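> after the sequence you'll find the predicted model.
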2 protein chains.
Amino acid sequence: MRISQYLLSTQKETPANAEVISHQLMLRAGMIRRNAAGLYSWLPSGLRVLRKVEAIVREEMEKAGAVEILMPMVQPGDLWVESGRWDKFGPELLRFVDRNNRDFVLGPTHEEVITDLVRKEISSYKQLPLTLYQIQTKFRDEVRPRFGVMRAREFLMKDGYSFHLDQQTMDDTYQAMFQAYSNILARLGLEFRPVLADTGSIGGSMSHEFHVLAQSGEDLLAYSTGSDYAANIEKAEAPLPTTERAAATQELSLVDTPNAKTIEELVEQFGLAIEKTVKTLIVRGDTEEAPLVALMVRGDHELNETKADKIPGVLSPLEFATEEEIRAAIGAGPGSLGPIGLNMQVYVDHAVAVMSDFGAGANQDGKHHFGINWERDVALPQAFDIRNVIEGEATPDGKGTYAFARGIEVGHIFQLGTRYSEAMNATVLDENGKAQTLLMGCYGVGVSRIVAAAIEQNHDDRGIIWPDAIAPFKVGILPMNMHKSHRVTDIAEKLYQDLNDAGIEVMFDDRKERPGVMFADMELVGIPHTIVIGDRNIDSGVFEYKNRRTGEKQDVPMDQIVEFIKNAVC
Amino acid sequence: MRISQYLLSTQKETPANAEVISHQLMLRAGMIRRNAAGLYSWLPSGLRVLRKVEAIVREEMEKAGAVEILMPMVQPGDLWVESGRWDKFGPELLRFVDRNNRDFVLGPTHEEVITDLVRKEISSYKQLPLTLYQIQTKFRDEVRPRFGVMRAREFLMKDGYSFHLDQQTMDDTYQAMFQAYSNILARLGLEFRPVLADTGSIGGSMSHEFHVLAQSGEDLLAYSTGSDYAANIEKAEAPLPTTERAAATQELSLVDTPNAKTIEELVEQFGLAIEKTVKTLIVRGDTEEAPLVALMVRGDHELNETKADKIPGVLSPLEFATEEEIRAAIGAGPGSLGPIGLNMQVYVDHAVAVMSDFGAGANQDGKHHFGINWERDVALPQAFDIRNVIEGEATPDGKGTYAFARGIEVGHIFQLGTRYSEAMNATVLDENGKAQTLLMGCYGVGVSRIVAAAIEQNHDDRGIIWPDAIAPFKVGILPMNMHKSHRVTDIAEKLYQDLNDAGIEVMFDDRKERPGVMFADMELVGIPHTIVIGDRNIDSGVFEYKNRRTGEKQDVPMDQIVEFIKNAVC
């Protein structure tokens, strides 16, 4: 490609309103442009990267035996009513009526459409197992679209769906998809980690997320230092306490604590060990009879909202009570709550259940109880795992300790069970001619998000550093003062031709620009391999090669350059 | 591909509600499934064809120097307000509000978005000319979606846009696109014809449509038997009359014609030559002062609504007055209208202007005037070309006569001039540093529609006959009674492997089906080349090859089959 005939819209300035580095660099390198909140156009260089990701995803899906189809982006609302998600899905589901006043949605996902398709097309166990997938534009009306294509409203996804009558083929396909996702991310040249994940609003039993590792990642991943165990912090299992509850040694006392509104203040002002304190959080219940529920974690622990959300009686998705509601119900503010005399259902974390001689609010403003002991002072509530794990503690398999990393979720695989097939009556006849409800798996890759995640992981202060596999162009040719030197022009044109003939994608900077501008653009756009051609080089019979990632420079004899590049390009 | 692991949803029965053959065959061959009115899912075989069309379109666009981008399907409404199309576009433009109550549309086309993009990205004449294109899903809320993907609501289009400061590069790019479109359709293996076209609601000056020729085509094309001149009937220019108006020979008479409500009845009952009659049509005007306008064509001619639409004072788009409105204004019904005493603006076709001694309604029910002569009996109105051409008359270049063909429009190229750039203030600096309004061209290909058009042109009563270039699979392997004969199994498997290794796409029917079912499916799906393998063939050392299009069968020695197929596949 000749830049003179291309749309290379680079810019020096860091754009306002672009908070993360990938968003900034995609704008600066001319990969994307914003059309409206969460809506982007992909400019030529950006689209080239997107299509490369798409091609690798497609190849690995085909290798794994999945068959490609294409479902419409506009979906009939009645299918969503049938699955029950018309009501459950929030305003992220963009709904509209057509000219005949019929309900439609812009598909954020296609479980309903595929289940409808398969229940009509598949009638016999002989046609199973079957894995279908598509690469299609999705829409999610995000409350706060941000980070460019990382959390856009319109985005490109690969979504796959598998259908089974038995758990064995379900497990096999899930494993094949796990492998395919690992292959995809490895081929893209990205550092990644698959982790156990919560199934969230999609539903189902088993689930893994695939994360591109990056400091800026929104997700916290907890992995074992001694085994393959890894989970999203939302899902990471806390180890059960290994010690029994110690016997009481202190009397219960009611203490004036007028200036201790937080655990930190309490610990500081009264010299308590933070492990000897309990935090009480009030969340909404899911019935009118029990509108509020109290959850308790140790002072040094954090409530895990995803885990708490699943406790019976707790409203899902989790909502915290307001200070007004807490005062009305308990007569004290959120900083003075504790187990003794609390007039509602209480659940505690496993770590809280083994505490003794601990401090907590007294359910009166400005007062705490110290020396609390379960059973002696107040009944021991039911215990659950409702806290985040912490670095250094044991992983549930007992084979290591937790370490943390940050990641960007780019893939998610689920075993859905019969969540959709049952609601939508998707059955096929088994070997005995009996109708059986289908088991389903679903498998998503955020194709456009991968582009941003790749940049979060691969950049420096000069711009993007593309892995070869998804670079918009593999090689950049930078002729110095081409328009003043015929020798440079001739040799640059010949090299451009030779590399094209060798099937290598080249970005040829044939503009009348200063060398500084040309170097800066190549580095900003992230071309992995660059070749400088100047009169000086021609005199010495070598090209100057530079590797974007390592920064290494090397002189390469002119007659060996094509072979050299062929070997350099992965 | 092994059918056993594929989703091959063929059906014998002609589906109800599928009016045209391509729709019927796409359903029967398992290419598409309907999700809702005008919304389709592409099943595996259909999608393979669609992707092949897409790939050829993309290659020819790149060859023509166009650069690919991708704009969002969801577009901000304010851009449509800015271009003036928010009000002008009818309910085909699907509008909705997002969660923040902002106006958006589902893009039926992207002139607004691209003009907005280019006015922000392009600032200098040095960056021009520039041609950008995308292959993107579109939505048009058709009042009556029909014919399957031929007139769907959600469809796939290639839309390209070029930008210029001078008419010369505009013409060059237009010519390059004309050539690219011709290349695309030739490579797809389709018979096609480019024709001059009306620019319609998109606006602009110069325009050509590209039609796939098919008996079932919705468009009538008029082409010259003696030159390259060809135009959509909407646009085809009628020859000017070559004779002067003859002198009057008859007296004007008022005749009772109580049973002649149509030209045909008048001609039959009164022995008039139809060329001596005039039809009067009343359409709406575009002002309150002139709410109705009369248009007159010769009795044997047809009004051309596209041409009539452009006459000054006529409402655009054209609307016919109702019988009630006509009676209220004239005091007679639509069957008794004529020029004498007509109390409104009248325009006539050129052919009417040279008539003499003709008959027409007298603007009284049940009465006609015979022997009418212009100027003697009534003033001659202004004349325009407002009729359809007819077969056999001269083409405007004088080099031949008109012949007709039917076509399906699959491509349309336009010179838009400054229609959008002016409304949206898209300017760049010229060589003198002065802001100049951009000239634009736009270039559309109906990618999904091509698939249906190809079938309309290529089918027989057994199914689809794919041109090799877009066949879902090039070769079908039909092993006879494979599950009873190990020899057949082994040889079929080896052939499948050999053809795959040769890079040829194969549909391998490894099902336990009767030969009749297998043959019928291959022919229905339209695989161009099939190879039958049975015990009989193995005994004689030859495969039975059959060509889907010619029906020709040929015995091919087993060791020569791969070479034979390589040569047979285009």
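Looks like it came in fine.
> how close does the residue of the stretch 151-300 of chain A found nearest chain B get to residue A:212?
As assessed by Cβ to the nearest Cβ, chain B sits closest to residue A:154 within the stretch 151-300 of chain A, at 4.8 Å. C-betas here are computed from N, CA, C, even on glycine. Remark: distance between residue A:154 and residue A:212 (Cβ to Cβ, to the nearest Å) = 21 Å.
> who has more neighbours, the two?
Each of residue A:154 and residue A:212 has its neighbours counted (other Cβ atoms under 10 Å in any protein chain shown); residue A:212 has more, 26 against 23.
> tell me if the more buried one really is in a strand.
Yes. Judged by DSSP: H, G, I helix; E, B strand; the rest coil, residue A:212 forms part of a strand.
> tell me the contacts of residue A:239?
Contact analysis of residue A:239 by Cβ atoms under 8 Å, 6 or more residues apart in numbering or on different chains lists A:389, A:393, A:394, A:395, A:396.
> name the nearest residue to the first one, ignoring sequence neighbours.
Meaning residue A:389. Take residue A:389 and drop its neighbours on the chain: the residue closest to it by Cβ to Cβ, 6 or more residues apart in numbering or on different chains is residue A:236, 4.6 Å away.
> so that neighbour makes contact with residue A:222?
Yes. Counting by Cβ atoms under 8 Å, residue A:236 touches residue A:222, with 3.9 Å between them.
> between these two, what contacts are shared?
A:389, A:402.
> domain ranges for chain A?
A:16-237+A:403-455, A:253-384, A:475-569 (the TED database).
> to residue B:328, which of those lies closest?
domain A:16-237+A:403-455 (31.1 Å; Cβ to Cβ).
> just checking: what are the partner strands of the strand or helix carrying residue A:293?
Assigned by DSSP states H and E, residue A:293 belongs to strand A:292-298. Here strand A:292-298 has these sheet partners by DSSP bridges: strand A:278-284 (antiparallel), strand A:345-349 (parallel).
> got these as TSV, with mean neighbour count and mean pLDDT columns?
Formatted as TSV, these follow (neighbours: other Cβ atoms under 10 Å in any protein chain shown; pLDDT from 0 to 100):
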stretch	mean neighbour count	mean pLDDT
strand A:278-284	21	97
strand A:345-349	21	97
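> just put these in JSON lines and tack on distance to residue A:406.
Output for the strands paired with strand A:292-298, formatted as JSON lines (distance: least, Cβ to Cβ, whole Å):
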{"stretch": "strand A:278-284", "distance to residue A:406": "25"}
{"stretch": "strand A:345-349", "distance to residue A:406": "24"}
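> residue B:112 is nearest to which of those strands?
Using Cβ to Cβ, the strands paired with strand A:292-298 put strand A:278-284 closest to residue B:112, at 45.4 Å.
> what's in contact with that closest one?
Under Cβ under 8 Å, 6+ apart, the answer for strand A:278-284 is A:263, A:291-299, A:301, A:303, A:308, A:314-315, A:318-321, A:325-326, A:329-330, A:334, A:337-339, A:342, A:344, A:348, A:352, A:355, A:358-361, A:372.
> correct me, but the residue of the stretch 151-300 of chain A closest to chain B touches residue B:70?
No. Under the criterion of Cβ under 8 Å, residue A:154 makes no contact with residue B:70, lying 10.2 Å away.
> quick check: chain neighbours aside, which residue is closest to residue A:240?
Nearest non-adjacent residue to residue A:240 (Cβ to Cβ, 6+ apart): residue A:350, at 5.7 Å.
> should've said residue A:366
Here the residue nearest residue A:366, using Cβ to Cβ, 6+ apart, is residue A:258, at 4.4 Å.
> show me what the helix or strand harbouring residue A:223 is packed against.
Element membership of residue A:223 [criterion: DSSP H and E] is strand A:219-224. Identification of packing neighbours for strand A:219-224 by 3 or more Cβ pairs under 8 Å, 6 or more residues apart in numbering or on different chains; DSSP states H and E yields strand A:192-196, strand A:207-213, strand A:230-232, strand A:402-417.
> distance from the third one to the middle of the chain?
Spelled out, it's strand A:230-232. Strand A:230-232 sits 12 Å away from the centroid of its parent chain (Cα atoms, centre = their mean, to the nearest Å).
> what do you get for the longest one?
Here strand A:402-417 shows a centroid-to-chain-centroid distance of 7 Å under the convention Cα atoms, centre = their mean.
> swap in the first one?
The chain centre lies 10 Å from the centre of strand A:192-196; the measure is Cα atoms, centre = their mean.
> measure residue A:96 to residue B:93 for me?
12 Å.
> quick one: which of these two has more around it?
Between residue A:96 and residue B:93, counting by other Cβ under 10 Å, residue B:93 is the more crowded of the two (21 against 18).
> ok, the more buried one to residue B:139 distance?
9 Å.
> can you pull the residues that touch both of the two?
In contact with both residue B:93 and residue B:139: residue B:108, using Cβ under 8 Å, 6+ apart.
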